[in-house]
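Asker: no sequence on this one, just coordinates:
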């Protein structure tokens, strides 16, 4: 099919199309939507022009209808209940996306041809994917235009979509075509642990809604016109993006600033809750700090705007911490103390997704670690750079925690449950998904720095970004890029860390110094720097993960010895004859191997260091006394 | 009440005079807590004592290192909550047992011999148990109320347009629950004093009398209880403020500070009991002499009757009829 005729009723948008597209634009969406903010419904017409760049004729097209996931019999709800038996369905979560009509330009009405399919689990009651078979195929290189009329009924915010009081988060709200990828259609159902995958293109969206609404959306606003009926029509244009989300709330307070990056000025637009106005400055600061580092380290942010949405409190926070192209949601509360960097962590993370998901658009269903994991790694790097390594997540009242430690802790919660290279919806449960996809990947990449160096790792990510932005790379694309940039064969590491479930745990099994002349019946008195000792240090690989480790030995004459072990055998013994006794033996003295599951057995100090035990025991004692006093109040 | 400053001072004097009780209670609690902590300390020692990583907990407080240690299979901090709770429960039973001796000493304002003290402890123990059961019954609706308030504030936090509304409902609700708890404690404190004063064997009667007495004199009694309680909380607040300034590596100083606070808490709780005892004695004296003394003169505390028997003797001596006392303290 060639040059489909323009579809009646769809106005040609006022756009500022760039002369050279950044992506291979497969899709062009034109959506005209009327939002009833009282009934929480959306009536819309979508015109989708699909360019068949698959290299073969296509007659079957799958579409996502994500909003139908918010129904009790959907696969999403089944999976949530499976993982959390205490979860109870509430009718307020119910949402619906209904296709009213489905026409194909030049062919006609194919509404009756719509078939719901469940490619992942065969659930006949899941209606998050439908497909339409055309009477004749679309030839390679040609385009086809779909005109879809649909109606959405939003539910209370659940899994980042819906409404809360006057707040509306319009995400995953329109029929979205699947991706032809690796020789097949890729159009997964909506699962509890998956996100999204779509083709790049252009979006021209007209939203008609009450005039008092403050609106934010992907792309840039191109016009806003007040209508006689008390509504206004706001139009947005986005290009080289693969999704379109919007939000509206009358109470939003707007803050704007500009970031000047290597690709030009970027407008940062904050939509804050009225009760969070005093937190706007923190949002703006972390945005600028993050954008600066991404620009310097990984590559330019080519869009002209980024919108940051602060969702409302309580149930509204179910829309928090989510990424959409050029629009992200943060998430905070009125009492967020400065030393707790959760606000910054969320905003940083979601902005990071503009790179790892937004531009480097890997398949979030199948390789979730490529976006969430890499993004968690860069989150650590950025926050560490801003706040300091061991206090980047928390630095409050003398209690500190680094973001890398947070990632490691989530990894350890599910260390051996799943490999990173697993489809997101096939993980054991949501804990394993979170622990492996976010925590393990970040820890694997931080540990990789020990082998290839921090600078090389940064260059590898820069190369990966520049090479694969506006495409859909695979895990091997990433792994090969790292190998290429580092000039090293890292297969052994990747096989265990990415494709395997082995857990790493090295320990100092034994470390002791003994007099060489131990057998003498009446040995001379020991003298420092004169008596000869035989020091033995035994390093043991407890876990199955094989990794090279360094061992640092310190002797009481000030001498230090550094050993390097490839870690392949189960253990290694180091023996020294010196006129000095061993003071300490430490594995990974630079603390770079976050994958090691137990840091406490990584070292041995001859002199007892009881400070930590005494401190914690004394607090526990006080706690128990206080508990006793509390109970005694009942006497 | 016009005598309240005197009551506070007299209560404090009695606590000071019989401070051995404070020290004993504190020491028993300490020893039991030490028993509860010992296994944990040993387990932590096995993991941390020869590890360089544990230094992160010595200087400052590395939350990650702490969580890793707490989750370590050889430490498993969570499992030690049971130990602590068990030993706290033992302390609770001890405290329940000692209450009879303590109140007897405060009531009589005299030093009891060890035999007398433990006789009183044993003599009143089962009555305290019965009172405790009644108290748990009374506390049940308060617990339900607290849970409802919590649920309500949670719903408001989730759904109310005002972000802070749920929080403030929680705060106000908690304050109200605290107030109810204090009122109930006050009531049962007075019941215990009455049991000791009258050597009442049927605790239900003491409960009823104490209820009337507490309701009838709620303002002065609550003010007495509240002020001492406030001093306890104030000390805790100041203590935490000081603790936040102590460098992380000075764990011993922090420990001593908390021990002082706990000692102060033990003392203030007994101060409340001693003060209530003095209040009760003054109240009986006032109500007993009221018919013949329209303008009662404050008695020196030392001359206050220590027992009902003494009180009756004093009343007869001043010409009061036996019936007056019975009317005020009906059997």
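Answerer: Yep, it's here. Quick caveat, the model's predicted, so the values are computed rather than measured.
Asker: which one is residue A:553 nearest to, not counting chain neighbours?
Answerer: residue A:561 (4.4 Å; CB to CB, 6 or more residues apart in numbering or on different chains). For the C-beta atoms, the positions are set from N, CA and C on the backbone; glycine is no exception.
Asker: tell me where the stretch 451-600 of chain A has helices.
Answerer: Here the stretch 451-600 of chain A has its helices, by DSSP state H, counting those that start in this stretch, at A:454-468, A:475-486, A:491-497.
Asker: likewise for the stretch 51-200 of chain B?
Answerer: All helices of the stretch 51-200 of chain B, identified by DSSP H, counting those that start in this stretch, fall at B:55-58, B:63-71, B:80-108, B:114-159, B:165-198.
Asker: redo those as TSV? Include mean pLDDT and mean neighbour count.
Answerer: Converted to TSV, those look like this (pLDDT from 0 to 100; neighbours: other CB atoms under 10 Å in any protein chain shown):
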stretch	mean pLDDT	mean neighbour count
helix B:55-58	90	20
helix B:63-71	93	20
helix B:80-108	95	20
helix B:114-159	95	15
helix B:165-198	96	18
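Asker: just put those in JSON lines and tack on distance to residue A:362.
Answerer: Listed next are those as JSON lines, based on distance: least, CB to CB, whole Å:
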{"stretch": "helix B:55-58", "distance to residue A:362": "36"}
{"stretch": "helix B:63-71", "distance to residue A:362": "29"}
{"stretch": "helix B:80-108", "distance to residue A:362": "43"}
{"stretch": "helix B:114-159", "distance to residue A:362": "35"}
{"stretch": "helix B:165-198", "distance to residue A:362": "40"}
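Asker: for residue A:165, find the nearest of these.
Answerer: Comparing the helices of the stretch 51-200 of chain B against residue A:165 with CB to CB, the closest turns out to be helix B:114-159 (7.9 Å).
Asker: just checking that closest one against chain A, any contact.
Answerer: Yes - under the criterion of CB under 8 Å from any CB of the partner chain, chain A is reached by helix B:114-159 at B:128, B:132, B:135-136, B:157-159.
Asker: what residues does the stretch 151-300 of chain B put near chain A?
Answerer: Contact residues, the stretch 151-300 of chain B versus chain A (CB under 8 Å from any CB): B:157-161, B:163-164, B:166-167, B:185, B:244, B:248-249, B:251-252, B:254-255, B:258-259, B:262, B:265-266, B:269.
Asker: generate a ChimeraX selection restricted to the buried entries among these.
Answerer: Filtering these down to the buried ones (16 or more other CB atoms under 10 Å in any protein chain shown) takes a single ChimeraX command:
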select /B:157,159,160,163,164,166,167,185,251,254,255,258,259,262,265,266,269
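Asker: number of residues surrounding residue A:223?
Answerer: Neighbours of residue A:223 under the rule other CB atoms under 10 Å in any protein chain shown: 12.
Asker: residues in a beta bridge with it, which ones?
Answerer: Using DSSP bridges, the beta-bridge partners of residue A:223 come out as residue A:235.
Asker: which pLDDT value belongs to it?
Answerer: pLDDT for residue A:223: 97.
Asker: so it touches residue A:237, yeah?
Answerer: No - assessed by CB atoms under 8 Å, residue A:223 is found out of contact with residue A:237, at 9.4 Å.
Asker: can you give the domain ranges for chain A?
Answerer: Per automatic domain parsing, the structural domains of chain A span A:1-6+A:21-209, A:251-352, A:363-501, A:506-612.
Asker: now stretch A:21-29: mean pLDDT?
Answerer: Averaging pLDDT along stretch A:21-29 gives 97.
Asker: so what's the gap between that stretch and the chain middle?
Answerer: The chain centroid and the centroid of stretch A:21-29 are separated by 24 Å under CA atoms, centre = their mean, to the nearest Å.
Asker: for the domains of chain A, give me TSV that also has distance to residue B:83 and mean neighbour count.
Answerer: Formatted as TSV, the domains of chain A follow (distance: least, CB to CB, whole Å; neighbours: other CB atoms under 10 Å in any protein chain shown):
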stretch	distance to residue B:83	mean neighbour count
domain A:1-6+A:21-209	29	19
domain A:251-352	31	20
domain A:363-501	25	21
domain A:506-612	20	17
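Asker: and these as JSON lines, adding distance to residue B:177?
Answerer: Formatted as JSON lines, the domains of chain A follow (distance: least, CB to CB, whole Å):
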{"stretch": "domain A:1-6+A:21-209", "distance to residue B:177": "26"}
{"stretch": "domain A:251-352", "distance to residue B:177": "22"}
{"stretch": "domain A:363-501", "distance to residue B:177": "27"}
{"stretch": "domain A:506-612", "distance to residue B:177": "38"}
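Asker: those domains: which one's closest to residue B:150?
Answerer: Taking CB to CB, domain A:251-352 is the member of these nearest to residue B:150, at 14.9 Å.
Asker: and chain B, is that closest one touching that?
Answerer: Yes - Domain A:251-352 comes into contact with chain B (CB under 8 Å from any CB), by way of A:273, A:275, A:312-315, A:333-335.
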